[in-house]
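# Here's my sequence, what's the structure:
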Amino acid sequence: MRQVPTLLASIFLVSTFLSQSTLIPGFVGYGLSSAVLVVIALSLIKNRRLRYKLDKKTQLFYLVISTMFVFNLFRYPSLSRFLRALTFISVTYFVLFILPQAATWRPVWYWFSVATAILTVVSVPTLFVDSIGIGPFQIRAWHTTTSLPIVDFNTFSGIFINPNTLGQTSAIAALSSLQFIREGDRRSMGLFGVNASAVALSGSRVGAAILVICTGLFVVHELSGRRWLAIMTVTGMMSALVGVLMFFNVLPVDLPIDLTGRKELWTATIRAVIDSPLGYGPGILGEVLSRYVEAGGAKNPHNAYLKVLLSGGILAGFAHVCIYLISIRRAIWSVTQTDGVSVYILLTATMIIGLFNGSSIFGLSAVSAMSALILGYALQMRITPPSSTSFDSQIGDRSRS
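I've put the predicted structure just below:
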């Protein structure tokens, strides 16, 4: 009974690639992703499996975010923005709260890793040629090149318009293979190698960072257990907080890091929120930021947390962070469960991506869909008492049913 939604969940994740690919127009990709979700919903309704059970606090925080989004739509009315926002709110609710309870974790992410590796291999010729394809369906190379002593090649973007998207999705795909490698699956070692190679060839700093950091966390857990993983998690979160304070000059230390214009965008976002603490609503963030950025032309803050803050104001931003805090708490105390450590490292990866990518859990882009679905699985995890050494989670139980 669970095989159909599980397969469709994998197809949905891969379909979100198309809206950011060179193969088809973006709106067609969004339409296909939406169609897959409709099919999943109809399948669940037909089999009477459209149900969910979730912590009331999490749903309350989601309601706060949604309410602030809708509230701002009335402040700055636009029919197109209203329809788009309601679609994203509904889609995200389904992906976040319902789909994780219908689709089994392990096969979803295994086949996601397989599909990502296959698309990577198919796209390899674009390292050396400008495009490949049949008729109107073309995979085009990125416009910059990388030079080595022996050969020059195009910066690898796979099927995507931007190599950063490839780097981040491939990093998630590689990390999802780790649990299978631990179990001795040789095919997953190959999948990890292919997807990790895509990260390296894309030149994505965020993709490389999450691959190294989260693989390291996986090794820490395997060697030292949950206690040291929890210590590393708290240390990482505190380091991120200190980095933010240094970034905004709250601490008198200058960060020697090139963030490719993000400092100006993030500063502009904070100034915009100070001017309107209730936010501005989704769909006009570029217009809002252009008032505060000298060069203009900004589309979003390039930070998922600041994007929600700018869209829904302080209340929505606070609720968004609270949902992640609940999820990371559940994930860290569930690593002894079946698939628990995999859920934890993928959640950590998407949280790091959110620091530098403007795709929040609200949307149908590849990063948005991955982030929402992984967050949804983490929110389902059952907290294991510290004295326990081995428990099967609800997600793990489903993989055997």
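# Strands of the stretch 151-300 of the chain, start to end?
Along the stretch 151-300 of the chain, counting by DSSP state E, counting those that start in this stretch, strands occupy 152-154.
# what about it, any weak spots by pLDDT?
Under the criterion pLDDT under 70, the flagged ranges of the stretch 151-300 of the chain are 248-259, 295-298.
# Tell me where it has helices.
Secondary structure of the stretch 151-300 of the chain (DSSP state H, counting those that start in this stretch): helices located at 163-176, 178-182, 186-202, 205-224, 226-247, 262-275, 285-289.
# Tell me how far the second one lies from the chain's centre.
The chain centre lies 21 Å from the centre of helix 178-182; the measure is C-alpha atoms, centre = their mean, to the nearest Å.
# relative to helix 262-275, how tilted is the longest helix anywhere in the chain?
Ranked by residue count under DSSP state H, the longest helix found in the chain is helix 304-332. Helix 304-332 and helix 262-275 meet at an angle of 100 degrees, taking axes from the mean of the first three to the mean of the last three C-alpha atoms, to 10 degrees as the criterion.
# on contacts alone, who are the packing partners of helix 304-332?
Packed against helix 304-332, as judged by 3 or more C-beta pairs under 8 Å, 6 or more residues apart in numbering; DSSP states H and E, are the following elements: helix 56-75, helix 226-247, helix 262-275, helix 285-289, helix 340-356, helix 366-380. In short, each C-beta sits where N, CA and C put it, glycine included.
# out of those helices, which comes closest to G190?
Ranking the helices and strands packed on helix 304-332 by distance to G190, with C-beta to C-beta as the measure, places helix 340-356 first at 18.0 Å.
# The closest one to helix 163-176, inter-axis angle?
Helix 340-356 and helix 163-176 are oriented at 160 degrees to each other (the same axes, to 10 degrees).
# Now helix 340-356: average pLDDT?
The predicted model assigns helix 340-356 a mean pLDDT of 93.
# chain center to that helix: distance?
8 Å.
# quick revisit: highest mean neighbour count out of the helices of the stretch 151-300 of the chain?
Comparing the helices of the stretch 151-300 of the chain by mean neighbour count (mean count of other C-beta atoms under 10 Å), helix 163-176 comes out on top with a mean of 28.
# Quick one: list the elements packing against that one.
Taking 3+ C-beta pairs under 8 Å, 6+ apart as contact, the helices and strands that helix 163-176 lies on are helix 105-123, helix 186-202, helix 205-224, helix 340-356, helix 366-380.
# can you list the residues that contact stretch 289-305?
Residues from elsewhere that reach stretch 289-305, judged by C-beta atoms under 8 Å, 6 or more residues apart in numbering: 262, 264-269, 271-272, 285-286, 307, 310, 317, 320-321, 353-361, 371.
# if we can go back for a sec, the helices of the stretch 151-300 of the chain: which one's closest to L42?
Distances from L42 to each of the helices of the stretch 151-300 of the chain were compared using C-beta to C-beta; the shortest belongs to helix 163-176, at 27.1 Å.
# now the closest one against helix 366-380, angle please.
30 degrees.
# send the alpha carbons of helix 163-176 over as PDB?
Listed next in PDB are the C-alpha coordinates belonging to helix 163-176 (Å, rounded to 0.1, in the frame of the first residue of the first chain):
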ATOM      1  CA  PRO A 163      25.800  25.000 -11.000                       C
ATOM      2  CA  ASN A 164      25.100  25.900  -7.400                       C
ATOM      3  CA  THR A 165      21.800  24.100  -7.700                       C
ATOM      4  CA  LEU A 166      23.600  21.000  -9.000                       C
ATOM      5  CA  GLY A 167      26.100  21.200  -6.200                       C
ATOM      6  CA  GLN A 168      23.500  21.400  -3.400                       C
ATOM      7  CA  THR A 169      21.200  18.700  -4.800                       C
ATOM      8  CA  SER A 170      24.100  16.400  -5.500                       C
ATOM      9  CA  ALA A 171      25.500  16.900  -2.000                       C
ATOM     10  CA  ILE A 172      22.100  15.900  -0.600                       C
ATOM     11  CA  ALA A 173      22.000  12.900  -2.900                       C
ATOM     12  CA  ALA A 174      25.600  11.800  -1.800                       C
ATOM     13  CA  LEU A 175      24.800  12.200   1.900                       C
ATOM     14  CA  SER A 176      21.600  10.100   1.500                       C
END
